[in-house]
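Student: generate a structure from the sequence data that follows.
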Amino acid sequence: MVYDYSYSCLKSESALNRIRKDVGILIKKKVKALESGMVLAETVRCPESNTMLLKEGTILSDAMIATLEARSIFDVWIAEPYTLMINPQETIAEELKKILLKRISTYAPGTPDANTSDKMVEIAKKAKEVALHIVKQPEIVKISMEMRIINSKLLYHHAISTCALSLLVAGIMGFGKANMEVIGTAALLHDCGCFEMPHLLGMNQRNQQQEALWKEHPAYGYYLAKERNFREEICEIIHHHHENWNGTGYPNQLRGENIPIGASIVSVCGSYDGLIRQENYQNYQAIEFIYGTGDVFFDSNIVNALCDNLAVYPLGSLVRLSTNEVGVVSNVRKNKGPRPVVRVFFNKFNKPYLQAKEVDLGKELTIFIKEIL
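Tutor: You can find the predicted model right below:
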């Protein structure tokens, strides 16, 4: 299958420079017209051996210009004065790293008391090490940039959150760094097949034809990943991330343990973030849905790994309860899932209590966190 991607022009440094040339940011100059102080916009290579003579970004001196003339190089590309030379891939790479590490820290903070257990600190540390290795891979940065361009919220940020959650869940389940990297990479790329159908992103109601096309995105993603030379295990996870534990998923209606475990992890983590990001579920509603569909849509072991170990509401979060009282999450260890202990400071009329009170949501089952403020 051959793809014609709209954003393929951004997939290499030379292609990026072609864009700069088209809009006049770069100027082609005869070597005889060069002056000391000009900046090379492209690396210059020896015509005979193809060895590098001068690197892109070099500030030319008189001696360098003389060398170019001696090597029979007749013209070079020069950066237009006062123009900032920016490679968007470098910008995305730095942003991707920053957001991914922050998401991991949100779900599993570095402070032991802010986690559901002491082990989460080490798991988070390992997840961050793997994440740093993932985001250094140029092809991943390129695909992430395409996501950012096509749809920042529903592709790019969803992919990052799914990756962060999947790395942590894989760590909780005892996977080593190599397998965590496979799962984390697939999680970051799991919706890349949507590049073929950006008009369907965020569409709550689809007609029969649109739904049929939408269900092809795992297959499109599989072939895209294969084209970009990702490992088969990564491609398979992308292909099967919409399979359901009971066999009602797509594209192949795989059931139970026939689903690659990496795909099952990405399915749970992607669904949790998707419910919050796309369906506007509150955190507790998303957790309750995931819990309630264990062994129906999802592997219950993975559901438990996610719901029982991650701090759904981070320690110190300012929250509003279903009673409309406002307080701060003060203990995430006492209870599992979305039912921490909350220290309440304001009543339902937003007036401060004379003395703060503690509400243990593990005991007060009719009360829940309505929103994070």
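
Student: any idea how far the closest residue to residue 297 other than its chain neighbours is from residue 130?
Tutor: Closest residue in space to residue 297, ignoring its immediate chain neighbours: residue 244 at 4.6 Å, by C-beta to C-beta, 6 or more residues apart in numbering. Where you see a C-beta, it was placed from the backbone N, CA and C, and this is true even at glycine. Noted for residue 244: a distance of 27 Å to residue 130, by C-beta to C-beta, to the nearest Å.

Student: please apply the same query to residue 295.
Tutor: 28 Å.

Student: who has more neighbours, the two?
Tutor: A side-by-side neighbour count of residue 295 and residue 130, using other C-beta atoms under 10 Å, places residue 130 first with 25 against 12.

Student: next, the more buried one: secondary structure please.
Tutor: Applying DSSP: H, G, I helix; E, B strand; the rest coil to residue 130 yields a three-state assignment of helix.

Student: cool, residue 253 as well?
Tutor: Per three-state DSSP, residue 253 ends up coil.

Student: that one contacts residue 243, correct?
Tutor: Yes. Residue 253 is within contact range of residue 243, at 7.4 Å (criterion: C-beta atoms under 8 Å).

Student: pick out whichever of those two has more residues nearby.
Tutor: Between residue 253 and residue 243, counted using other C-beta under 10 Å, the more crowded position is residue 243 (25 against 12).

Student: now that one, nearest residue through space, not along the chain?
Tutor: Nearest to residue 243 is residue 249, by C-beta to C-beta, 6+ apart, at 3.9 Å.

Student: residues touching that neighbour, list them.
Tutor: 242-243, 267, 297 (C-beta atoms under 8 Å, 6 or more residues apart in numbering).

Student: cool, and residue 44?
Tutor: So residue 44 contacts 52-54, 68, 73, 76 (C-beta under 8 Å, 6+ apart).

Student: can you pull up the most central residue in this structure?
Tutor: Nearest to the mean C-alpha position of the chain, by C-alpha atoms, centre = their mean, lies residue 160 at 1.7 Å.

Student: C-terminal to the helix or strand it falls within, what's the next element?
Tutor: Assessed by DSSP states H and E, residue 160 sits inside helix 158-172. Per DSSP H and E, the first helix or strand lying C-terminal to helix 158-172 is helix 177-189.

Student: what are the buried residues along the helix or strand following that next one?
Tutor: Later in the chain than helix 177-189, the nearest helix or strand by DSSP H and E is helix 208-214. Residues of helix 208-214 classed as buried: 213-214 (neighbour count, 16 or more other C-beta atoms under 10 Å).

Student: what helices and strands are in contact with helix 208-214?
Tutor: Counting contacts by 3 or more C-beta pairs under 8 Å, 6 or more residues apart in numbering; DSSP states H and E, helix 208-214 is packed against no other helix or strand.

Student: packing partners of the helix or strand following that helix?
Tutor: Following helix 208-214 in sequence order, the next helix or strand is helix 217-227 (DSSP H and E). Judged by 3+ C-beta pairs under 8 Å, 6+ apart, helix 217-227 is in contact with helix 232-239.

Student: just the buried residues of the helix it packs on, please?
Tutor: 233-239.

Student: stretch 294-309 now?
Tutor: 294, 297-299, 302-307, 309.

Student: and the residues you listed, which two are the farthest apart?
Tutor: Spatially, the most separated pair among the buried residues of stretch 294-309 is 297 and 309, at 19.8 Å (C-beta to C-beta).

Student: which residues touch residue 192?
Tutor: 143, 146-147, 220-221, 224-225, 238.

Student: actually residue 111, sorry about that
Tutor: With C-beta under 8 Å, 6+ apart, residue 111 has these contacts: 121, 315.

Student: show me where this structure has helices.
Tutor: Using DSSP state H, the helices of the chain run over 13-22, 62-70, 88-107, 119-134, 138-150, 158-172, 177-189, 208-214, 217-227, 232-239, 261-277, 283-292, 300-309.
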